[in-house]
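Student: Take this sequence and fold it.
(chains A and B)
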Amino acid sequence: MFVSLPVNEGREEIDKGVLNQELFQKTAMGDTDAFHTIYICTANSVYGFLLSIIKNKEDAEDLMQETYIRVREKAHLYQEQGKPLAWIFTIAKNLAYMRLRERRKAVFIEIQDVDMSLDFSDVSNAEDRMVLEAAFRVLNREERQIVILHAISGLKHKEIGQILKKPLPTIISKYNRALKKLKKEIGEREEDYAGKRN
Amino acid sequence: MQEREIECRLKNAIDAQMPDCFEEIMKQTITQSVECPKKEKNVVWKVMPFAACICLLIVLIFLNKE
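Tutor: From the prediction side, this is the model:
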């Protein structure tokens, strides 16, 4: 079913030193181009990260907007310590957890139990869609966050640990466990598919 | 499927889903900056009604005694 995929170099595109304090300073002074550059460089990662937490496309989109509005408002507060992405992720994470808490209050269920049905039909490539569906089916919230932060944003485990406030060994073990789960799930799906064809 | 391929496919899938809401964000930030911030009421004005009520009450009690 699967053809070998050329290794995408996309994950490095963010880490080319484009994002720096100057961009945030310019954004704080109302420079739309600087803000647009921040958006272009980070939007995919932020969206993926929010989706991994909130498991709802509409909410993720809504929260993404809120995140960037905050980024623009608070750009003057950004201090260059570590990656700018980490700062944006912290804003996104806080907003997402606030939304989850509101939702929990509204429906009186546990945060971990909030599980929205996701429709990934807009992902045209079947293999890509299957991997994404598997990630949302077999991984728990934390594992999803770790895998998505690593895969999409290209963050190192140490940086992910700082964002999620977890020690490095925990991040590494959760990441490895998550990938094992994904591999197993995808393998089973492939076998099913092969069985149906035969 | 190798680990790198899984990550890559995950990235591609998220990229395919990603909405472009920059215009919307710009609209919202402009609207917010245009809106006048609410003026914080002076503390004196917050306390004034309570103080007036208490004074009135004292006067009423005093008149009642007389």
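Student: how near is residue B:8 to chain A?
Tutor: In this structure, residue B:8 lies at 5 Å from chain A, with C-beta to the nearest C-beta, to the nearest Å as the measure. Every C-beta, even on glycine, is put in place using the N, C-alpha and C of the backbone.
Student: I'd say that residue and residue A:154 touch.
Tutor: No. Checked against C-beta atoms under 8 Å, the pair residue B:8 and residue A:154 is beyond contact range at 11.4 Å.
Student: what's around the closest residue to residue A:132 other than its chain neighbours, how many residues?
Tutor: Setting aside the residues directly before and after it, residue A:132 is nearest to residue B:13 in space (C-beta to C-beta, 6 or more residues apart in numbering or on different chains), at 3.8 Å. Number of residues near residue B:13 (other C-beta atoms under 10 Å in any protein chain shown) recorded here: 26.
Student: residues in contact with the helix or strand in which residue B:13 is found?
Tutor: Assigning secondary structure by DSSP states H and E places residue B:13 in helix B:3-17. Counting contacts by C-beta atoms under 8 Å, 6 or more residues apart in numbering or on different chains, the residues outside helix B:3-17 that touch it are A:4-5, A:7-8, A:10-11, A:44, A:47-48, A:51, A:57, A:120, A:122-125, A:127-132, A:135, A:147-148, A:150-152, A:179, A:182-183, A:186, B:1.
Student: what's the answer for stretch A:75-89, then?
Tutor: Residues outside stretch A:75-89 that contact it (C-beta under 8 Å, 6+ apart): A:14, A:19-21, A:23-25, A:27-28, A:35, A:38, A:42, A:45-46, A:49, A:67, A:71, A:149, A:153, A:155, A:159, A:162-163.
Student: From these, list the buried ones, please.
Tutor: A residue is treated as buried here by neighbour count (16 or more other C-beta atoms under 10 Å in any protein chain shown); on that basis the buried members of those are A:14, A:19, A:23-24, A:27-28, A:35, A:38, A:42, A:45-46, A:49, A:67, A:71, A:149, A:153, A:155, A:159, A:162-163.
Student: In helices, which of the residues you listed fall?
Tutor: Among the buried ones among the contacts of stretch A:75-89, DSSP state H puts A:23-24, A:27-28, A:35, A:38, A:42, A:45-46, A:49, A:67, A:71, A:149, A:159, A:162-163 in helices.
Student: any bit of the host helix or strand of residue A:181 sitting next to chain B?
Tutor: In the assignment (DSSP H and E), residue A:181 maps to helix A:168-197. Yes. Residues of helix A:168-197 are located near chain B by C-beta under 8 Å from any C-beta of the partner chain, namely A:179, A:182-183, A:186-187, A:190.
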